[in-house]
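*Asks:* Pasting a predicted model and its sequence here:
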Amino acid sequence: MTISSSSFQLIAALVRRETAMVYDAGKEYLVEARLMPLATAAGCPDVEAYIARVRTDLSERRNALDALTINETSWFRDQTPYQAFTDLMLPKLLESRSLTRRLRIWSAACSSGQEAYSIAMLLDQHLPAGWTADILATDVSTAMLARVDAGRYSQVEMNRGLPAATLVRHFARAGTEWEVSPQLKRMVRTQHLNLADAYAFTTVGTFDVVLLRNVLIYFDTPTKYDVLRRMRPHVATDGYLLLGSSETTLDMPPDVAALWSREQLGRVPSLRPAAGVPRTASTHTPTRPFGSSLTTATTTSARIGA
Amino acid sequence: MTLAPALTDVHAIVDQVWTSFLGEVEPLLPADVAPGGPFPAGQAWSAAVSVSGGWDATVTVELSAALAVSLTTTMLGLEGPEAPDDADLADAVGELVNMVGGNLKSLMPGPSALSLPAVAAGRAAHASGATEIACFDGVWAGEPVRVTVHVVTDAPVDLLPQPIS
Amino acid sequence: MRAMIIDDSRAMRSILRRIVAGLEFETLEAGDGQQALDLFESGQVPDLCLVDWNMPVMDGYTFITRVRANKEWRHVTLMTVTTESEQGQIVKALAAGAHEYVIKPFTPDAIVEKLELLGLLPVEALA
């Protein structure tokens, strides 16, 4: 059974409008696999009927969006960024933050939290006594944020890239699942945030390291650039922005490229705030969801000293 | 007092085994089944492992012959007209109960040891002193699968199986 | 590189074989710990073993202990792949000398990522 192309287009448009994630044609099977359990739970005979219901039922729409914005994720995904964090970024930050003894990390698009907790595990191991770390985990999916807060993972998820010795150190069995230690949970806090929302970043603050990995690929091109523009003031002047391995070759338009300088950390490319650029957020083609109107968007394309 | 695993946990474990090896496109759904079971006579495979130590129980998986064939075909990676023989079916169904039983064991008080699986063509038979303490019925691609947990005891059971909503 | 798959289930060996063969490993198979040790002693010493725990004749835990007792086999990477999923069992396997531990059921990605952790992925598979 396959969903009709009109149903697929409807759901793809919905996901795109609300999260700027793109489901291309050919991903019908993925939509179907992710919505099937919801359709069953809602008592719909099939996914087709469920999508019809999503048109009018707002709470069911929320559930569908949550299910469709799940990213498959593993612990210490891709390995090398985490090595670079421990070996290169952390020593520098320990030096430059020796007065405040506090590190701030942002896992943007945290999904079920493996990235945030992987960083927490490294900090637990490498942060000297007397230091504190604050890890902010944000996502567009409230269901995902609830999972991060619960810190519980299935057996299948635990198998994904987590060294066995680390599992034993930081997790305890909780029924069919494993639960992360209270110590790591204390380091991680969650906040609902839609990266595509032009004003989403205003309250988050500034971070020493921002992990924005494997999420830009889901956005259309204007949104990608806009996120990179708006992200700039939220990375400390000597901080780091890490993108996914497939995203770092991204061709940026000149005004965005001028905001960032590329720095290679071993095998990991990072973006660092370019010197001499004022720390002003600029917005471009604001894509505020739910069609609310924007009247006060300021566009200050800073291009000083690129 | 006998400890029984929660039915939702049994379902979760069977579901994990299923999605890991058979893919997520076709979900395993809980099913309501008439007394006597969902299997046509002579058209089933069954396998059991026993857990002994901190928790003593027998975990049994029964599935329709058609389901056993598709499971085995997928696990062995058979292609085209190749059909699994009885030895293949026994092996794959045995590994299935090993995974379900091993994961159920980890939920219960331990330490306990897991036996090697015993597999048979046909329905499972249980000793007269065995009491069923949990039963999960599921359907995958229209074919039935049943997981039961039995204990040999005269003591009262402190958690009776409940239907999954 | 050569991987030895040690599991009493042919279906499970087949699943694991397809995963590691896809990563350019040559594969060897054994149905229990004793068969695997016999292969070792006949000179067929692999770079990696994927070892089940519950097997007839000799279980995976005993096998790991036996391999670790022989200094000539120190270079062999041992990864337990088992349905045993209590925390205590993981600790026990690591203490006996296993490098990694995968709990059944697993997805192919889980095996690949563990091999990456162990530095055993061929360069072309990483690219």
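*Replies:* On my side now, so go ahead. Residues are numbered from 1 along each chain as shown, chains lettered A, B, ... in the order given.

*Asks:* how about the strands of chain B, start to end?
*Replies:* B:28-30, B:44-53, B:57-64, B:112-114, B:118-121, B:130-140, B:143-152 (DSSP state E).

*Asks:* list the contacts for the most centrally placed residue in chain B?
*Replies:* Chain B has B:Val61 as the residue nearest its centroid, 2.4 Å off, counting by CA atoms, centre = their mean. Taking CB atoms under 8 Å, 6 or more residues apart in numbering or on different chains as the contact definition, B:Val61 lies against B:46-48, B:93, B:96-97, B:100, B:145-147. No exception for glycine: its C-beta is placed from N, CA and C like everyone else's.

*Asks:* go again using 7 Å as the cut-off
*Replies:* Residues near B:Val61 by CB atoms under 7 Å, 6 or more residues apart in numbering or on different chains: B:46-47, B:93, B:96-97, B:100, B:145, B:147.

*Asks:* With A:Pro254 instead?
*Replies:* A:Pro254 neighbours (CB under 7 Å, 6+ apart): none.

*Asks:* Need the pLDDT of it.
*Replies:* A:Pro254 carries a pLDDT score of 92 in this model.

*Asks:* Which among the strands of chain B is found nearest to A:Arg102?
*Replies:* Closest to A:Arg102 of these, according to CB to CB: strand B:112-114, at 46.2 Å.

*Asks:* if I look at C:Thr77, how far off is A:Arg169?
*Replies:* 21 Å (CB to CB, to the nearest Å).

*Asks:* Also B:Ser106?
*Replies:* Distance from B:Ser106 to A:Arg169, by CB to CB: 18 Å.

*Asks:* Same check on A:Gly43?
*Replies:* 43 Å.

*Asks:* quick revisit: quick check: which of the strands of chain B is buried the most?
*Replies:* strand B:57-64 (a mean of 26; mean count of other CB atoms under 10 Å in any protein chain shown).

*Asks:* partners of that one in the sheet?
*Replies:* Using DSSP bridges, strand B:57-64 pairs in its sheet with strand B:44-53 (antiparallel), strand B:143-152 (antiparallel).

*Asks:* tally of neighbours for A:Leu99?
*Replies:* 6 (other CB atoms under 10 Å in any protein chain shown).

*Asks:* On the three-state scheme, it is what?
*Replies:* Secondary structure state of A:Leu99, per DSSP: H, G, I helix; E, B strand; the rest coil, is coil.

*Asks:* mean pLDDT for the strands of chain B: which is lowest?
*Replies:* Among these, strand B:28-30 scores lowest, at a mean of 78.

*Asks:* what's that one in contact with?
*Replies:* Here strand B:28-30 has contacts from A:40, B:11, B:14-15, B:18, B:137-140, B:164, using CB under 7 Å, 6+ apart.

*Asks:* would you list those residues in CSV and tack on distance to chain C?
*Replies:* As requested, those are exported to CSV (distance: CB to the nearest CB, whole Å):
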residue, distance to chain C
A:Thr40, 22
B:His11, 14
B:Val14, 10
B:Asp15, 10
B:Trp18, 8
B:Asp137, 20
B:Gly138, 15
B:Val139, 19
B:Trp140, 15
B:Ile164, 20
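
*Asks:* where does chain A dip in pLDDT?
*Replies:* A:1, A:19-20, A:59, A:69-72, A:249, A:277-306 (pLDDT under 70).

*Asks:* looking at it, which residue lies furthest from center?
*Replies:* Outermost residue of chain A (CA atoms, centre = their mean): A:Pro45, 33.6 Å.

*Asks:* SS state for the nearest residue in space to that residue that is not next to it in sequence?
*Replies:* The shortest distance from A:Pro45 to any residue other than its chain neighbours is 7.9 Å, reached at A:Ala39 (CB to CB, 6 or more residues apart in numbering or on different chains). The three-state assignment at A:Ala39 reads helix, by three-state DSSP.

*Asks:* Point out the residues in chain C that sit beside chain B.
*Replies:* Where chain C comes near chain B, counting by CB under 7 Å from any CB of the partner chain, the residues are C:9-12, C:14-15, C:18, C:54, C:56, C:83-86, C:88, C:104-107.

*Asks:* Make sure A:Gln264 is indeed in a strand.
*Replies:* Yes: per three-state DSSP, A:Gln264 lies within a strand segment.

*Asks:* Number of residues surrounding the nearest residue to it once chain neighbours are set aside?
*Replies:* Among residues not flanking A:Gln264 along the chain, A:Ser270 sits closest, at 7.5 Å (CB to CB, 6+ apart). By other CB under 10 Å, 22 other residues sit near A:Ser270.

*Asks:* can you list the domain ranges for chain A.
*Replies:* A:5-68, A:80-273 (automatic domain parsing).

*Asks:* and among those, the most buried is which?
*Replies:* Most buried among the domains of chain A, given mean count of other CB under 10 Å as the contact rule, is domain A:80-273, at a mean of 19.
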